[in-house]
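> Coordinates only, no sequence provided:
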């Protein structure tokens with residue numbers, strides 16, 4: 001009987017071609033784009049609120065939030081959404097680059113995004129297309145969080 005030692009305890013079994021650093025886990029490579037998907041509705045709405053006049057896009061989204069057309073509330077809301085989405089995207093990239101604190105921030109902002117998206121979708125009369133789109137975004141973001149917290153990703157981030 002021959003025994004072969006697979007690897008030392010606590011060391012990942014997958015190594016990069018160079019042999020020095022472990023390869024990025026598949027769960028992290030698949031989960032990262034899913035996390036980016038959760039920021040897309042906020043980027044799109046932010047750009048629409050800043051760049052387009054209200055009367056051009058309000059018929060697609062409905063009257064929420066209730067502000068008159070002459071107020072500066074929509075552009076300010078759009079800038080806030082763009083700022084939040086930009087911070088989220090920067091933190092997602094940092095989490096992809098093995099920053100543990102950024103992973104925690106991304107999960108927190110993902111929860112904020114998902115709750116805000118569900119609240120906005122349910123605040124007005126239900127529209128099937130928006131509900132399906134919102135559900136797809138929420139499912140992608142939750143799947144991304146689950147994939148980015150797999151045990152092999154924890155080992156990979158812990159090596160840094």
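Everything's here; your move. Keep in mind that what you see is a predicted model, and the values were worked out from it rather than measured. Residues are numbered from 1 along each chain as shown.
> Only C-alpha atoms from now on, for both contacts and neighbour counts.
OK.
> in this structure, which helix or strand is least confident?
When each helix and strand of the chain is scored by mean pLDDT, DSSP states H and E, helix 54-61 comes last, with a mean of 65.
> List the buried residues in the following helix or strand past that helix.
For helix 54-61, the following helix or strand on the C-terminal side (DSSP states H and E) is helix 73-96. Going by neighbour count (16 or more other C-alpha atoms under 10 Å), the buried part of helix 73-96 is 73-75, 77-79, 81-82, 84-85, 88-89, 91-96.
> middle-most residue in this structure, spatially?
Closest to where the C-alpha atoms of the chain average out (C-alpha atoms, centre = their mean) is residue 35, at 3.1 Å.
> Skipping its backbone neighbours, what lies nearest residue 114 in space?
In this structure, residue 114 finds its nearest non-sequential neighbour in residue 138, 5.7 Å apart by C-alpha to C-alpha, 6 or more residues apart in numbering.
> and the gap between that neighbour and residue 123?
Distance, residue 138 to residue 123, using C-alpha to C-alpha, to the nearest Å: 16 Å.
> same deal with residue 135?
Residue 135 is 15 Å from residue 123, by C-alpha to C-alpha.
> returning to what we had before: element containing the residue nearest to residue 114?
With DSSP H and E as criterion, residue 138 is part of helix 128-148.
> Could I get the average pLDDT for that helix?
Per-region confidence: helix 128-148 scores 88 on mean pLDDT.
> Let's see the pLDDT reported for residue 2.
The per-residue confidence score, pLDDT, reads 53 for residue 2.
> do the same with residue 120
79.
> Next SSE downstream of the helix holding residue 138?
Following helix 128-148 toward the C-terminus (DSSP H and E): helix 151-158.
> What residues sit buried inside the helix holding residue 138?
Going by 16+ other C-alpha under 10 Å, helix 128-148 has these buried residues: 134-135, 137-145, 147-148.
> who touches that helix?
27-28, 30-38, 107, 110, 114, 117-118, 121 (C-alpha atoms under 8 Å, 6 or more residues apart in numbering).
> and with 6 Å instead?
Outside helix 128-148, the residues that touch it by C-alpha atoms under 6 Å, 6 or more residues apart in numbering are 27-28, 31, 34-35, 38, 114.
> just how off-centre is the host helix or strand of the residue nearest to the centre of the chain within its chain?
Remark: residue 35 resides in helix 26-37, with elements defined by DSSP H and E. Chain-centre distance of helix 26-37: 9 Å, with C-alpha atoms, centre = their mean, to the nearest Å.
> mean confidence for it?
88.
> ok, and for the next helix or strand after that helix, which residues are buried?
Where DSSP H and E defines the elements, the next helix or strand beyond helix 26-37 is helix 40-51. Judged by neighbour count using 16+ other C-alpha under 10 Å, the buried positions of helix 40-51 are 41-43, 45-50.
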